[in-house]
Every structure is written in structure tokens, then in C-alpha cells.
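Asker: coords please:
(chains A and B)
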Amino acid sequence: MIYRRGQLDQIITSVIVLFAVFWLMVLFVNISANIGKVEKVISGNNLDAEKFSSPIKRAESRALLDMFLSDDIEIAGEKVNVREVLSALVAADSASDKTQAPNFAKGIEKLFAEDYSCNGRNVLIVAIPDGFTSGGYLGKEEETYEKVTVYINYPVERAEEFPRVRLVYDAGSVGGVYSTYESSERDFAEYRIDNAIVWVRGDLRC
Amino acid sequence: MLARKGHIPTLLLFAEALILILTAWYTFFTLDDNLGNYANSFRIATSSVEEDYQYVLHIAPLIVGRAIELRGEGDFEASFNASLLKVAGEVDEISSLRGDFFGKIRNKEYIIKRDGSDYVFVMQKVSVYSGTSGVNAMTRTFDISIRFNERSVFR
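Answerer: Numbering: from 1, shown residues only, chains lettered A, B, ... in the order given. Got it, this is the predicted structure:
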């Protein structure tokens, strides 16, 4: 009788332990099945995410961009750095005289077309702050933008996908399109130049 | 008396099983969250070092090429070195490279070897790094060798 009672306790305990082990195994199998499970996550602009998926491609783009931005264009017989020119665009915008048309932007386009377009593979878009009132630029609208943005290989038609995008100047005759926009910055690769006034977004390939 | 003695190991067995079960569950439920973060920071560090390594390999010939293009008159090596210093300085102002490539040009830590009518730009032990110190800080060290002549870089 004594032994029977002891055996019964052990049987009950073993049943409980077996039950617990069974559920532990179920849990383990469930967790194991989910490890490594691929879920498709789409955040922001998927096309841009794909563009920068490779560090090698991004490195190549960065190298070409740095060479482009540190290159010189000639303005009134004087060589000026592309970065300085882009900075000057902001300075011109913030000046009281809004009538100065940024003709030197054409120099950037020319340089880009000759040395960095790689037979038309790369397309340059310069987003210039509002406020230019001549030279083909529309007048100041409801807001002033505080920085110049350079887009490279950014499809113009996709501008409509983002809110508050508007073209202010179509420089078709000189081979480029200017636009301003204020939109989700995280959708683009960011390439900041000091003083928070010039941003380059996009990649460059040859 | 005997029956009571028989209960002690049985109860202990039951208690130990419960402890094991709870420990296992606790481990399962608290384990997985941080693994992704650790893997992600490691992936970012690796990717960053690889990208900067590739960046140096891409930009070095471009800088040498521009230095050849913009060099002044006179002795080739002297004018090339001066031009290289200027071009590299301009690119360095923009570049976000984490490494000592531009510093080595500034400090003239490279050699130009003459090989017939060609030249070879050699820079040894160039470093790129990710992170500052501690966990997931990585450094990659490599050499650069670029062959060129007085007109252009050989690709």
C-alpha cells in the first residue's frame, strides 16, 4: 500500500512533467520555425532602398560625387568650386536682391554633362530655393527654402509622388530641370555638405 | 512514517521540474529581442568598412587622374605632387571617409616609383575604420598601387 501510494505520486508527477515537456517542445518548434523567416518589409521608397543595397555601388557613387562636388567651373574667367557655387545659390537667395539669376548653375550642368553624365546615364537636377525672379525662374511663392538640393538620377516624374513638390524652372533648353521640394528626407540617400545649405541626394554611376 | 519519507523526493522532483520549465520559458521569451540589434550593428559596421574600403579604391585613381590633368609646367613629379596635394585637399573637404587616406597624402606618406616611362603611385597601410572603440569597432588596412603616365591613369 505504501509503495503503491509512492508510485501513484510519481506517476502523477511524471504525467505533469511530460505534459510540460510536450508544451515546451511545441513552443521550441514554434520559435524554431520562425527563426530566419523572411518577411517583406517595405518602408519609405523601395526603389531608393534597392539603389543603395550594395556598399560597393554606394562607394563608387560617393567617389564620383566627391569628385564632381570638388571640381571647378569657370565663372567670369575665374575657377570656382562646384560646392562653392551651390552655396552661392543659397547666398543669392538670402540676399535682399532677388533678381540675380543663377546663370552659373548652367556651368554646373555643363560640367556634369561633359564629365559626369557618362553618356547620358546620369541626370542632374538642382533644386534651388525660391526667390529668383528673373532668368526664367518664377517669383517667390508662399515659402522660402533654406537649402539647395542636388538630385542625381532622380526621376522627375516621381516628384509628383511627394507632397508639396513643384517645379519652379524647367531649363529644358540647357538640359536640366530645376525643382524645389519639401518632403520626406528619409526617402533619399543624404549627402550633406557643411553649413546645412547644400544636400546631394541620389547616386552617380559610370 | 515511511509514506512521508516517500513524498519528499517526489515533491522535490516536482519542484525541480517546475523550476526547469519556468527557467526554459523565461529563456525563450527573453532571448530573441536583442539578437537582431546585435546582428544589425555588426552588419552596419562591416558594411561601413567595406564601403569606405571600396570608396578609397575608387577615388584614389580619380584623384591621381585629376592631379595629372591639373598639374603645372616643369618637373613632372614635383608638379604632380603639388597638384595631388591640392586636389586631395579639395576632395577631403567634402568627403565623409573614415580613414587616413587623405591624411597620408597631406603628410606625403606615399611614394612615386618610376617604371620606364610610367609611374606607380604606392601608398601602404591605408586604414579605414568603423566605430570609435569597443564593441563592433573594425579597422581594415590595405595598400594602394596606381599605375599612370604623364597623360593619364591606367585602368
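
Asker: Would you mark the buried spots in whichever helix or strand A:Phe22 is part of?
Answerer: Taking DSSP states H and E as the definition, one finds A:Phe22 inside helix A:2-34. By 16 or more other C-beta atoms under 10 Å in any protein chain shown, the buried positions in helix A:2-34 come out as A:6, A:9, A:13, A:17, A:20. To be clear about C-beta, it is placed using only N, CA and C from the backbone, and glycine gets the same treatment.

Asker: Between the residues you listed, which sits nearest B:Ser47?
Answerer: A:Ala20 (43.4 Å; C-beta to C-beta).

Asker: The closest one: what's its closest spatial neighbour, skipping adjacent residues?
Answerer: B:Ile21 (4.7 Å; C-beta to C-beta, 6 or more residues apart in numbering or on different chains).

Asker: what about that neighbour, which helix or strand?
Answerer: Using DSSP H and E, B:Ile21 falls in helix B:2-70.

Asker: now the angle between helix A:2-34 and that helix, please.
Answerer: With axes from the mean of the first three to the mean of the last three C-alpha atoms, to 10 degrees defining the directions, helix B:2-70 sits at 10 degrees from helix A:2-34.

Asker: by contact count, what packs against the helix or strand following helix B:2-70?
Answerer: Moving toward the C-terminus from helix B:2-70, the next helix or strand (DSSP H and E) is helix B:76-94. Using 3 or more C-beta pairs under 8 Å, 6 or more residues apart in numbering or on different chains; DSSP states H and E as the contact test, the elements touching helix B:76-94 are helix A:55-69, helix B:2-70, helix B:101-106, strand B:111-115, strand B:118-130.

Asker: Check those for me and report the most buried one.
Answerer: Mean neighbour count, computed with mean count of other C-beta atoms under 10 Å in any protein chain shown, is highest for helix A:55-69 among the helices and strands packed on helix B:76-94, reaching a mean of 22.

Asker: average pLDDT for the next helix or strand after that helix?
Answerer: Next along the chain after helix A:55-69, taking DSSP H and E as the criterion, comes strand A:72-75. Averaging pLDDT along strand A:72-75 gives 83.

Asker: again, but for stretch A:118-132
Answerer: Stretch A:118-132 shows an average pLDDT of 64 in the prediction.

Asker: Could you do stretch A:28-43 as well?
Answerer: 61.

Asker: roughly how far apart are B:Val126 and B:Phe102?
Answerer: 10 Å (C-beta to C-beta, to the nearest Å).

Asker: now the residue nearest to A:Ala20: how far from A:Trp23?
Answerer: 9 Å.

Asker: my guess is B:Leu13 meets A:Ile11, correct?
Answerer: No. Counting by C-beta atoms under 8 Å, A:Ile11 is not a contact partner of B:Leu13; they are 11.8 Å apart.

Asker: So, low pLDDT: which residues of chain A?
Answerer: By pLDDT under 70, the weakly predicted segments of chain A are A:1-6, A:32-53, A:87-106, A:125-203.

Asker: who in it is up against chain B?
Answerer: A:2, A:5-6, A:9-10, A:13, A:16-17, A:20, A:24, A:27-28, A:31, A:35, A:55-56, A:58-60, A:62-64, A:66-67, A:69-71, A:81, A:83, A:193 (C-beta under 8 Å from any C-beta of the partner chain).

Asker: mind listing what the residue most central in space within chain B touches?
Answerer: Note on chain B: the residue nearest the mean C-alpha position is B:Val49, at 2.1 Å, using C-alpha atoms, centre = their mean. Contacts of B:Val49 were listed using C-beta atoms under 8 Å, 6 or more residues apart in numbering or on different chains, and they are B:128-130, B:138-140.

Asker: cutoff 6 Å now
Answerer: B:Val49 makes contact with B:128, B:130, B:138, B:140 under the criterion C-beta atoms under 6 Å, 6 or more residues apart in numbering or on different chains.

Asker: Which of the three states applies to the last one?
Answerer: The reference is to B:Arg140. strand (DSSP: H, G, I helix; E, B strand; the rest coil).

Asker: what about it, neighbour count?
Answerer: 16 (other C-beta atoms under 10 Å in any protein chain shown).

Asker: try B:Val91
Answerer: For B:Val91, using other C-beta under 10 Å, the count is 23.

Asker: Flag the shaky bits of chain B, pLDDT-wise.
Answerer: Using pLDDT under 70, the flagged stretches of chain B are B:1-7, B:32-37, B:131-136.

Asker: Around chain A, pick out the residues from it.
Answerer: Within chain B, the positions adjacent to chain A are B:2-3, B:6, B:10, B:13-14, B:17, B:21, B:24, B:47, B:50-51, B:54-55, B:58-59, B:62, B:90-91, B:94-95 by C-beta under 6 Å from any C-beta of the partner chain.

Asker: same thing but 7 Å
Answerer: Residues of chain B found near chain A (C-beta under 7 Å from any C-beta of the partner chain) are B:2-3, B:6-7, B:10, B:13-14, B:17, B:21, B:24, B:28, B:47, B:50-51, B:54-55, B:58-59, B:62, B:90-91, B:94-95.

Asker: what phi and what psi does the backbone show at the closest residue to B:Asp115 other than its chain neighbours?
Answerer: For B:Asp115, ignoring the flanking residues on the chain, the nearest one in space by C-beta to C-beta, 6+ apart is B:Arg147 at 7.5 Å. Backbone torsions of B:Arg147, given as degrees, to the nearest 10, read phi -100, psi 140.

Asker: right, and B:Arg147 touches B:Gly116 too?
Answerer: No. Using C-beta atoms under 7 Å, B:Arg147 is not in contact with B:Gly116, being 10.7 Å away.
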